[in-house]
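*Asks:* generate a structure from the sequence data that follows.
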Amino acid sequence: MYTVKSQKLFPCEICGEKFGRNQLKKHRKSKHPQPVQLLLISKRGVRVNERMPCDSCKVYSDLLWRYSESNKDVVHICTLCKPKLFDRSFNKLDALNFAKSGGGFETKRSKY
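*Replies:* Predicted coordinates:
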């Protein structure tokens, strides 16, 4: 004789329907999809001098960068959102952020 386990049901935070744990994950993905974050595929961008909204923050700006390779096709990014987007897409801001400041030239020279 088979015994049926009583499965614990969890409510969906958005619509309130109750599902098992695995079914709840599938329900959220299919019925309540989350917006996809903007990610760049290539670092190559072109400066654009047009007044347009930034695709990241939706603020109008005169100076934008146009990237043709991203997960959302062609995007225009303002100079304020560019470092944040590079950090999210490539896990670092810029190679110069890791460069050492100062040099060894004349560092031990005595002052006259």
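
*Asks:* ok, the spatially most central residue of the chain to Cys81 distance?
*Replies:* Centroid check for the chain by C-alpha atoms, centre = their mean gives Arg88 as the closest residue, at 4.4 Å. Using C-beta to C-beta, to the nearest Å, Arg88 is found at 10 Å from Cys81. In short, each C-beta sits where N, CA and C put it, glycine included.

*Asks:* Cys54 too?
*Replies:* Shown here: Cys54 relative to Cys81, a distance of 6 Å by C-beta to C-beta.

*Asks:* with Gly16 instead?
*Replies:* According to C-beta to C-beta, Gly16 stands 36 Å off from Cys81.

*Asks:* between these two, who's got more neighbours?
*Replies:* The neighbour comparison of Gly16 against Cys81 (other C-beta atoms under 10 Å) goes to Cys81, with 21 against 7.

*Asks:* ok, for that one, nearest residue in space, not its chain neighbours?
*Replies:* Ser56 (4.0 Å; C-beta to C-beta, 6 or more residues apart in numbering).

*Asks:* could you say which helix or strand holds that neighbour?
*Replies:* According to DSSP states H and E, Ser56 maps onto no helix or strand at all.

*Asks:* which parts of stretch 84-93 are buried?
*Replies:* Using 16 or more other C-beta atoms under 10 Å as the test for burial, stretch 84-93 gives Leu85, Phe86, Ser89.

*Asks:* same thing with stretch 19-27?
*Replies:* Result for stretch 19-27 [16+ other C-beta under 10 Å]: buried residues Phe19, Leu24, His27.

*Asks:* before we move on, what SS does the second one have?
*Replies:* If I follow you right, that is Leu24. Here Leu24 is recorded as helix under DSSP: H, G, I helix; E, B strand; the rest coil.

*Asks:* go ahead and confirm it touches Phe10.
*Replies:* Yes - the criterion here is C-beta atoms under 8 Å, and Leu24 meets it with Phe10 at 5.1 Å.

*Asks:* sorry, back to before: dump the buried residues of stretch 84-93 to JSON lines, plus pLDDT.
*Replies:* Converted to JSON lines, the buried residues of stretch 84-93 look like this (pLDDT from 0 to 100):
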{"residue": "Leu85", "pLDDT": "89"}
{"residue": "Phe86", "pLDDT": "89"}
{"residue": "Ser89", "pLDDT": "86"}
